[in-house]
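**Q** based on what follows, work out the 3D shape:
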Amino acid sequence: MSFIVNNRVHVNPGYEAEFEARFRARAGEIDKQPGFVAMRVLRPQGNQAPYVVETEWESQEAFRTWVGSDDFKRAHANPMPPEATAEGGGLEQFEVVEGTDTAANV
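**A** Predicted coordinates:
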């Protein structure tokens, strides 16, 4: 089964467009990583919900290898200004126990 990493990010009002644009600009870079399956940037639909950046990997080892890579360092070398995000959130890591995927049934 796969390994899911969610990064919950509380983006302050006025910085939402920049936050989303940063992910659009680097779209495709993570795709080159061995063991990478998918990435989704989820926009909150409620005032108090954070953004969620969800990545799916073939294994925890594949995720850890990416975190230790030069590509990861380049992707995170120019962070948003501190005032763009609020405290809270953080990384959550999950091993998939069970799931379904309609794309796999086609």
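**Q** wait, what's in contact with residue 88?
**A** The neighbourhood of residue 88, defined by C-beta atoms under 8 Å, 6 or more residues apart in numbering, consists of 8, 10, 50. Every residue, glycine included, has its C-beta placed from N, CA and C.
**Q** do residue 11 as well
**A** By C-beta under 8 Å, 6+ apart, residue 11 lies in contact with 19, 50, 51, 84, 85, 86.
**Q** excluding covalently adjacent residues, which one is nearest to the last one?
**A** It stands for residue 86. residue 10 (4.0 Å; C-beta to C-beta, 6 or more residues apart in numbering).
**Q** list the strands paired with the host helix or strand of the one you found, with their directions.
**A** When elements are assigned from DSSP states H and E, residue 10 belongs to strand 3-11. For strand 3-11, the paired strands and their directions (DSSP bridges) read strand 51-57 (antiparallel), strand 85-95 (antiparallel).
**Q** in it, what's buried?
**A** By neighbour count, with 16 or more other C-beta atoms under 10 Å as the criterion, the buried positions of strand 3-11 are 3, 4, 5, 6, 8, 9, 10, 11.
**Q** closest one of those to residue 35?
**A** residue 3 (8.6 Å; C-beta to C-beta).
**Q** is it true that the closest one touches residue 54?
**A** No: if you go by C-beta atoms under 8 Å, residue 3 and residue 54 don't touch, sitting 11.5 Å apart.
**Q** hmm, who's touching the helix or strand encompassing residue 23?
**A** Residue 23 belongs to helix 16-26 when elements are defined using DSSP H and E. By C-beta under 8 Å, 6+ apart, the surrounding residues in contact with helix 16-26 are 9, 11, 41, 43, 51, 53, 75, 80, 84.
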